[in-house]
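Chemist: Let's see this in three dimensions:
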Amino acid sequence: MAVPERPNVLLITVDTLRTDRLSCYNPSYVHTPNIDSLASQGVVFTRAFCHVPLTLPSHASILTGKIPPAHGVHDNGRFLLPAELLTIAEYLKSKGYATGAFIGGYPLHSRFGLSQGFNIYDDRLAEVSGGDRELAEVKAEVVASRGINWLKSQSEPWFLWLHFYDPHDPYEPPEPFKTKFKENPYEGEVAYVDENVGHLLAYLHEANLADKTIIIITADHGESLGDHGESTHGFLTYNPTLWVPLIIVRPHHQPLRVDRLVSHIDIFPTICDSTSLPKPAGLEGRSLLPAISGKKLSPRPVYFECLYPYFSRGWAPVHGHIDGRLKFIDSPIPELYDLVADFNEEHNQALKLDLARFKRTQEKLNRESGLKAEQKLDEEAIEKLRSLGYLAGPAAPRKKSFSARDDVKVMLPLYEEAMEALRLSAAGKKDLATEGLKRIIKERPDLDVAHVNLALIYEASGQLEDARMTLLNALKTLPESYDIFTHAIGHFIATEKYREALSIAESRYLPQMDSDPKFWIDLGLCYRRLGDYSKAQAAYERATAIDPTYALVHNNQGTLYLAWYLDSGDKSLLTKSFSCFEKAIELDPDYAAAHYGRGLAAYRAGQLDQALTSLNRAISLNPDLADAFFYLGMSFYKQKRYGEALGPLKTYRVKAGHNLSATELRKLDEIINECQRGR
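Modeler: The predicted structure follows:
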């Protein structure tokens, strides 16, 4: 039986999936029977590579058929795929395909541009109450279920992309995989994803879709798992993170293993050939259909890069390419490996061979298209990416020249040790952690994360003076470090030393301030606490101009106007306060603090029904808001609804009574007694 003239296309990408953790590639580790079943039916490419060991730019290459210099996306969060680029989804949609994507992790949120061409791009993330409501990922079973439900409503040829995020750090597989893989939770995540791939394949067979569907499964990148001194990914460009699985299953096609060098940009043209569609102009990859048919592929170099340390830390950029059996890593300390004889990259031959031809090839591959893809990170994106372990934030100053001291290979061991110090301290080994950080600071005083982590450990153990001195000394050593600068400001705010925080904030200009709303929010908080309301207002307006979608800015503005009203009696400020809280809630409907602020503003304005509604909502979202219980009770009290006032006021007394003065406590008890008499 031939492949259908217009077959469906299923693209599965598994985040952070190390190739040798699939048993069809290496049976020494976790057993993955469902992905193995695909491998037994299809073509397994044993030398497939990604172009970037990062989620967003890697998927940009998969979906556009272009390497990063051509599509312009080089890092998570900082870039937006240019709208003028053609994606697989846009192309197939123009040819009559229904298109759907179901996303498991925040780095692929639609805000970063990969939703182009999809009829549905489902990037809904799980929600919890309070704090960080939007989690970083959706579990594989949810992604698979959403994809299957979408398929049930399709009557025309379809292109479905499912993104399973689970193997990404932190490794937290659900049961029974958590218990079964207690000693290796990463492999538990891989096994869990494999199980859900099985659910998906079972549905395709039940719905008689398997014989009508081309299935492609790959990873965006791998995971180092400690190899070469890298715990996860995103810094180095060795094979544990660049080598990816690639399995292509075409209906009624003979299984095959192909050892030719291929890459992610080959997926788009392969889909075109497999669906009998002409390849659009501008694709940089080539169709793998000849290899699938047993023919040889002409050799061509595979480009790769890793610029995350460059953008986030100011370290030297890393570019490179694989040409035949040789892999060239272009950095201040260049590397060259023979991947046939040395796939584990243990023997650097860069000093033995002339690198001129490799450098010429690299210069050609590095040429940028000129497309504008870089964007300012808003604070929401920064928080989400930080929750995933990425050092997201305003970009570090861009250096133009680098020495061996800036090489990622030199800096990463110190960085990893500095991060390990936090884990040691949390495990009760504070002295060992601080000694290690002090040694790193002595060796490389320019590693800002070591200074910051030392201060964090001191703060956690209540050694506030040591934390203060660590940060002040670090500011002198690294006056241009934005991480140290903002941590120092945050330290003094946390210890309620607002003048000291302002002194640091006003002591210098750093270019990252211009794109960081959090800096201006902190500045506004300091001014408000010191009673300089006009300067606080100006700071919040600056934050809003940078990121008008950040709910925290509007909430803090509302708090400012409320405090200003209480000091001045100007009722126009109360109106402004209410509007700011409304805006914060519009942007984030489950923002408990904003509901509390709106309730308090309504209470001050005598709008008691509105106050009751808002305060009840705030408490339902965050029961730890003690003051919300007080004003809820007082709103009932002022309406003479004494029985209803009693519960919230008693709760407030339990939650906050220890913080009240004797006079305040006596007054509260008088109100409670009055409610008891009048109910």
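
Chemist: which residue packs closest to His595, ignoring adjacent ones?
Modeler: Taking Cβ to Cβ, 6 or more residues apart in numbering, and ignoring the residues beside it in sequence, His595 has Ala618 as its nearest neighbour in space, at 3.9 Å. Placement of C-beta: from N, CA and C, glycine included.

Chemist: An error on my part: the question was meant for Phe630.
Modeler: Here the residue nearest Phe630, using Cβ to Cβ, 6+ apart, is Tyr652, at 4.3 Å.

Chemist: Double-check that neighbour against Met634; I have them as touching.
Modeler: No: contact between Tyr652 and Met634 fails when scored by Cβ atoms under 8 Å: they sit 9.3 Å apart.

Chemist: higher neighbour count, those two?
Modeler: Taking Tyr652 and Met634 together and counting by other Cβ atoms under 10 Å, Tyr652 has the greater number of neighbours (22 against 19).

Chemist: ok, so what distance separates that one from Gly606?
Modeler: 21 Å (Cβ to Cβ, to the nearest Å).

Chemist: likewise His51?
Modeler: According to Cβ to Cβ, His51 and Gly606 sit 62 Å apart.

Chemist: Could you check which of those two has the larger neighbour count?
Modeler: A direct count of neighbours by other Cβ under 10 Å for His51 and Gly606 places His51 higher, at 28 against 9.

Chemist: For this structure, name the helix or strand with the lowest mean pLDDT.
Modeler: Least confident helix or strand, the chain: helix 379-387 with a mean of 52, by mean pLDDT, DSSP states H and E.

Chemist: what helices or strands is the helix or strand that that helix is followed by leaning on?
Modeler: Stepping forward along the backbone from helix 379-387, the first helix or strand reached (DSSP states H and E) is helix 408-426. When contacts are defined as 3 or more Cβ pairs under 8 Å, 6 or more residues apart in numbering; DSSP states H and E, helix 408-426 sits against helix 308-313, helix 430-443, helix 448-460.

Chemist: Run the chain-centre distance for helix 408-426.
Modeler: Here helix 408-426 is found 20 Å from its chain centre; the criterion is Cα atoms, centre = their mean, to the nearest Å.

Chemist: and Arg47, that's in a strand?
Modeler: Yes: membership of Arg47 in a strand is supported by DSSP: H, G, I helix; E, B strand; the rest coil.

Chemist: before we move on, back to that, quick one, what contacts the residue nearest to His595?
Modeler: Going by Cβ atoms under 8 Å, 6 or more residues apart in numbering, Ala618 touches 592-593, 595-596, 599, 625, 628.

Chemist: now with 7 Å?
Modeler: Residues in contact with Ala618, defined by Cβ atoms under 7 Å, 6 or more residues apart in numbering, are 592, 595-596, 599, 625, 628.

Chemist: With Ser577 instead?
Modeler: Ser577 makes contact with 558, 561-562, 565, 601, according to Cβ under 7 Å, 6+ apart.

Chemist: Next, count neighbours for Glu435.
Modeler: Number of residues near Glu435 (other Cβ under 10 Å) recorded here: 13.

Chemist: ugh, typo on my part, it should be Gly226
Modeler: In terms of burial, Gly226 registers 11 neighbours under the definition other Cβ under 10 Å.

Chemist: Also the one 10 residues further on?
Modeler: The local packing count at Leu236 equals 24, with neighbours defined by other Cβ under 10 Å.

Chemist: Report the spatially nearest residue to it, omitting neighbours in sequence.
Modeler: Taking Cβ to Cβ, 6+ apart, and ignoring the residues beside it in sequence, Leu236 has Glu230 as its nearest neighbour in space, at 4.8 Å.

Chemist: Hmm, that neighbour is touching Leu412, no?
Modeler: Yes: taking contact to mean Cβ atoms under 7 Å, the distance of 6.4 Å between Glu230 and Leu412 places them in contact.

Chemist: among the contacts of Ser577, which two are most distant?
Modeler: Taking Cβ to Cβ as the measure, these reach their widest spread between Gly558 and Tyr565, a distance of 10.6 Å.

Chemist: Roughly how far does the residue nearest to Gln41 when sequence neighbours are not counted sit from Ser23?
Modeler: Distances taken as Cβ to Cβ, 6+ apart place Val249 nearest to Gln41, at 5.2 Å, with adjacent residues excluded. Distance, Val249 to Ser23, by Cβ to Cβ: 17 Å.

Chemist: re the thing from before, need the contacts of Ala618 in TSV (columns: distance to Phe304).
Modeler: Supplementary listing: these in TSV, determined by distance: Cβ to Cβ, whole Å:
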residue	distance to Phe304
Ala592	44
His595	48
Tyr596	49
Gly599	54
Leu625	49
Ala628	52
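
Chemist: Dump those residues to a markdown table, plus neighbour count.
Modeler: As requested, those are exported to a markdown table (neighbours: other Cβ atoms under 10 Å):
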| residue | neighbour count |
| --- | --- |
| Ala592 | 22 |
| His595 | 27 |
| Tyr596 | 25 |
| Gly599 | 29 |
| Leu625 | 21 |
| Ala628 | 30 |
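
Chemist: Relative to Lys667, which of the helices and strands packed on helix 408-426 is closest?
Modeler: With respect to Lys667, and counting by Cβ to Cβ, the nearest of these is helix 448-460 at 35.9 Å.

Chemist: Distance check, Arg528 against Asp431.
Modeler: Following Cβ to Cβ, the distance that separates Arg528 from Asp431 is 39 Å.

Chemist: ok, now Ser28?
Modeler: Taking Cβ to Cβ as the measure, Ser28 and Asp431 are separated by 39 Å.

Chemist: how would you label Leu11: helix, strand or coil?
Modeler: Three-state assignment for Leu11 (three-state DSSP): strand.

Chemist: Now do the same contact list for it.
Modeler: By Cβ under 7 Å, 6+ apart, the contact list for Leu11 reads 161, 216.

Chemist: let's see 10 Å
Modeler: Applying Cβ atoms under 10 Å, 6 or more residues apart in numbering to Leu11 gives the contacts 62-63, 88-89, 101, 159-163, 214-218, 267, 271.

Chemist: Can you tell me which of those end up in helices?
Modeler: Secondary structure assignment (DSSP state H) places 62-63, 88-89, 267, 271 from the contacts of Leu11 within helices.

Chemist: Need the max-distance pair from the residues you listed.
Modeler: Pairwise distances across the ones in helices among the contacts of Leu11 (Cβ to Cβ) peak at 12.6 Å, for the pair Ala89 and Ile267.

Chemist: which residues are common contacts for those two?
Modeler: 11, 63.

Chemist: Show the end-to-end separation of stretch 94-114, please.
Modeler: With Cα to Cα, to the nearest Å as the measure, the first residue of stretch 94-114 is 16 Å from its last.

Chemist: distance between that stretch and the chain's centre?
Modeler: Averaged over its C-alpha atoms, stretch 94-114 has a centre that lies 16 Å from its chain's centre (Cα atoms, centre = their mean).

Chemist: quick one, helices of the stretch 551-679 of the chain?
Modeler: Listed from the start of the chain, the stretch 551-679 of the chain has helices (DSSP state H, counting those that start in this stretch) covering 551-568, 571-587, 592-604, 608-621, 626-638, 642-656, 662-678.

Chemist: deepest of these, which one?
Modeler: With neighbours defined as mean count of other Cβ atoms under 10 Å, these peak in mean count at helix 592-604, which reaches a mean of 25.

Chemist: by contact count, what packs against that helix?
Modeler: Taking 3 or more Cβ pairs under 10 Å, 6 or more residues apart in numbering; DSSP states H and E as contact, the helices and strands that helix 592-604 lies on are helix 551-568, helix 571-587, helix 608-621, helix 626-638.

Chemist: can you list those in a markdown table and add distance to Glu175 and mean pLDDT?
Modeler: Written out in a markdown table, the entries for those read as follows (distance: least, Cβ to Cβ, whole Å; pLDDT from 0 to 100):
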| stretch | distance to Glu175 | mean pLDDT |
| --- | --- | --- |
| helix 551-568 | 35 | 95 |
| helix 571-587 | 36 | 95 |
| helix 608-621 | 29 | 96 |
| helix 626-638 | 36 | 95 |
